[in-house]
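Student: The following comprises the amino acid sequence and a computationally predicted model.
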Amino acid sequence: MDRFDRLHQQLTHLCPGMALREREPMSRHTSFRIGGPVRLMAFPASEEELLTALRCANECGVTPVPLGNGTNLLCGDEPMELFVLKLLDGLDDLERLEGDRVRCGAGVLLSRLAAFAQREGLSGLEFASGIPGTLGGGAVMNAGAYGGELKDVVTETRFVTLDGAQGCLTGEAQGFGYRTSAFTDGTKIITGATLQLHPGDREAIRQRMNELNQKRRDKQPLEYPSGGSTFKRPVGGFAAALIDQCGLKGLTVGGAQVSPKHAGFVINVGGATCADVLALTDQIHDTVLEKTGVSLELEIKRLP
């Protein structure tokens, strides 16, 4: 019995109600719809189950990989000896607190969080209404759009370490920057956050959310699987503009393509593999560097 079999056995015994899947394809759990199977995936429905899973993984010598909605993740094509903790359907508590604050779990979708704030007459999350990730995944990378970022509203982030210790970071200690945070290194798993919003008119908030979501539909290739913005914004410019300037719209490798609609997106037009995406992003990087002198950095994350 290897360490993954031992882990499966322990989790079955200690968390009999927690769903476990062996050799689960990651293509089912990423917005790219790309990825080979991982050895074991667990679906903790509560923080208690998450802590148990972390302790068991530590005892078995297995490093856990947290996963939210998989919206900026590119997974390898081959089988992966990994233990993935899918947090999307657990840790989904959501409540309004005094002082125009909202407390929520890491598994809450940002779209649901923004809709909740709108119904409560709270403004500050309109930018997040069309971001497809979870609060946890969004906080890890300080997700943002249309001039807003989570760092503007998140005042406290709760987490557990990989060995099961619980903690909390507040204010500047959260380390929010451009597509980064104190959680980016993977040593802490976000379990929830508290957000400070401000009162607003419900109808005005709704209209602003609708306006931003229409902009997304008009400009982004939402009809195709992708990992969102493929490259980070370079200093003093925009990745999409540079890629377009280099005439790369429509460039295709296998099933991966630079979107003809928005050059900042690499899309899966059908049957794309991780190898296709990487070959295409390498071509984009090299061409943009040669023609403009700018070295683009990937925003999508790799696994493994």
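Tutor: Perfect, thanks for sending it. Residues are numbered from 1 along each chain as shown.
Student: Quick check on residue 148: phi, psi?
Tutor: phi -110, psi 150 (degrees, to the nearest 10).
Student: can you pull the contacts of it?
Tutor: In this structure, residue 148 makes contact with 124, 125, 126, 127, 128, judged by Cβ atoms under 8 Å, 6 or more residues apart in numbering. Every residue, glycine included, has its C-beta placed from N, CA and C.
Student: Could you check how many residues crowd around the first one?
Tutor: Around residue 124 there are 20 other residues, counting by other Cβ atoms under 10 Å.
Student: Isn't it up against residue 155?
Tutor: No. The criterion here is Cβ atoms under 8 Å, and residue 124 misses it with residue 155 at 11.3 Å.
Student: hey, what's in contact with both of those two?
Tutor: 195, 196.
Student: Closest to the mean position in the chain, which residue would that be?
Tutor: residue 137 (3.9 Å; Cα atoms, centre = their mean).
Student: Now do the residue lying closest to that one once chain neighbours are set aside against residue 249, distance only.
Tutor: Spatial nearest neighbour of residue 137, excluding adjacent residues (Cβ to Cβ, 6 or more residues apart in numbering): residue 68 at 3.4 Å. Residue 68 sits 30 Å away from residue 249, going by Cβ to Cβ, to the nearest Å.
Student: Residue 172 now?
Tutor: Distance, residue 172 to residue 249, by Cβ to Cβ: 40 Å.
Student: Tell me which of the two has more neighbours.
Tutor: Neighbour count, other Cβ under 10 Å: between residue 172 and residue 249, residue 249 has more, with 15 against 9.
Student: Hmm, residue 243 and that one touching each other?
Tutor: Yes. Between residue 249 and residue 243 there is a contact under Cβ under 8 Å: 7.4 Å.
Student: Next, show the common contact partners of these two.
Tutor: With Cβ under 8 Å, 6+ apart, residue 249 and residue 243 have common neighbours 258, 263.
Student: Contacts made by stretch 272-287 with the rest, please.
Tutor: With Cβ under 8 Å, 6+ apart, stretch 272-287 has contacts from 32-35, 74-77, 225, 230-231, 243, 246, 248, 251-258, 266, 268, 295-296, 298.
Student: Which of the residues in it are classified as buried?
Tutor: The neighbour-count check on stretch 272-287 (16 or more other Cβ atoms under 10 Å) flags 272, 273, 274, 276, 277, 278, 280, 281, 284, 285, 287 as buried.
Student: Looking at the residues you listed, which one is closest to residue 165?
Tutor: residue 274 (33.4 Å; Cβ to Cβ).
Student: Could you check how far the closest one is from residue 227?
Tutor: Taking Cβ to Cβ, one finds residue 274 at 11 Å from residue 227.
Student: what touches both of these two?
Tutor: Applying Cβ under 8 Å, 6+ apart, one finds that residue 274 and residue 227 are jointly contacted by residue 74.
Student: Of the contacts of stretch 272-287, which belong to helices?
Tutor: Among the contacts of stretch 272-287, the members found in helices (DSSP state H) are residue 243.
Student: For residue 289, what are phi and psi?
Tutor: phi -60, psi -40.
Student: residue contacts, the nearest residue to it once chain neighbours are set aside?
Tutor: Once flanking residues are discounted, residue 289 sits nearest to residue 295: 5.3 Å by Cβ to Cβ, 6+ apart. Contacts for residue 295 were tallied using Cβ under 8 Å, 6+ apart; they are 234, 285, 288, 289.
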